[in-house]
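> heads up, no residue letters with this:
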């Protein structure tokens, strides 16, 4: 079993639509059902514009694309530049095989060593115990619970706000005088 993580391309749009449209996946995401390849082709094309801060990654398991992950600015406010949000999805039949961990490791590495973000944030449904366990494995903690945060299958559903701080924030070494 070999897992490869790489940057997503427009050619991955069909796989994104397949993963995000998986009935075992989209109820756990903030995505809407009935996605399609054209929607993902447009999103991924926008991502290749120079200066775009979003990072879209995919995971391949033995050559098949089975997972996606994204790292995005937390908002447009200059005062939130230190924070990024993440999203992750893994095909139902490949969950529990290390794909999520490989994607999370890549997101954390990119954030910590190449962007220098202080804070990673996410929201997760309170009943998604597998995802919560994955996030905790990478240092995320629950900061609060948001009641009735999102509509899912006709019901308002609670989510946890989780965050992870950079384990060793970058600093400039000051030489002795």
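Cool, the structure landed. As the structure is a prediction and not an experimental result, all values here were calculated from the model.

> Can you show me the strands along this structure?
Counting by DSSP state E, the chain has these strands, from start to end: 3-7, 55-61, 64-73, 83-90, 119-125, 141-152, 155-165.

> from memory residue 119 sits against residue 165, does it?
Yes: counting by Cβ atoms under 8 Å, residue 165 is a contact partner of residue 119 at 5.8 Å. In short, each C-beta sits where N, CA and C put it, glycine included.

> Tell me which of the strands of the chain sits nearest to residue 109.
Ranking the strands of the chain by proximity to residue 109 (Cβ to Cβ) places strand 3-7 first, at 9.6 Å.

> Which residues does that closest one contact?
Strand 3-7 is contacted by residues 55-61, 97-99, 102-103, 105-106 when judged by Cβ atoms under 8 Å, 6 or more residues apart in numbering.

> Tell me the buried residues in stretch 61-71?
61, 65, 66, 67, 68, 69, 70, 71 (16 or more other Cβ atoms under 10 Å).

> ok, now stretch 122-138?
For stretch 122-138, the buried set under the neighbour-count rule, 16+ other Cβ under 10 Å, comprises 122, 124, 125, 128, 131, 132, 134, 135.
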